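Chemist: predicted structure and sequence below. I'll ask about it afterward.
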Amino acid sequence: MVTFTKLITHSMQMCLLPAAIHEVVVSALTVIAAEVEQIALLKKFTHYGGLQLESDVRQLFTYFSSLTSKSVRDKFTRLREISSFLSIEKVLQQSAFVYTSLWQFLANAIASD
């Protein structure tokens, strides 16, 4: 996914002003994060699949952070929580994870389901 995004953003950088690039990056990031989140919520993951998802999300975050000088952390909050939760190995750790106040979005989603 990062490779595909690099091809698109490279051609944008040649045609757009930096301010416009930021707006396009934020818009694309919003769509990509929502899509990855929906896919992650529909799939079943093993522990190793959760680790891979966490790694992929980290790569996307790093890449999009490098494209703009403004923070993109807020766009990744929920997705990073989901991937962190899926990478946890033991059920007891997951329970502790959900009830920690730091994980606001995921705790609310689990509580509502």
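Modeler: Sure, I can see it.
Chemist: tell me how far T5 lies from L29.
Modeler: T5 sits 9 Å away from L29, taking CB to CB, to the nearest Å as the criterion. For glycine as for every other residue, the C-beta is placed from the backbone atoms N, C-alpha and C.
Chemist: also D56?
Modeler: According to CB to CB, D56 stands 14 Å off from L29.
Chemist: how about F61?
Modeler: For F61, the distance to L29 under the criterion CB to CB works out to 9 Å.
Chemist: got any residues that touch both of those two?
Modeler: Shared contacts of F61 and L29, defined by CB atoms under 8 Å, 6 or more residues apart in numbering, comprise V72.
Chemist: of D56 and L29, who's got more company?
Modeler: For the pair D56 and L29, the greater number of neighbours falls to L29 (21 against 16), based on other CB atoms under 10 Å.
Chemist: following the host helix or strand of that one, which helix or strand comes up?
Modeler: Secondary-structure element containing L29, defined by DSSP states H and E: helix 18-42. Read in the C-terminal direction, the helix or strand following helix 18-42 is helix 47-67, with elements assigned using DSSP H and E.
Chemist: name the helices or strands packed onto that following helix?
Modeler: Using 3 or more CB pairs under 8 Å, 6 or more residues apart in numbering; DSSP states H and E, the elements in contact with helix 47-67 are helix 2-15, helix 18-42, helix 73-86.
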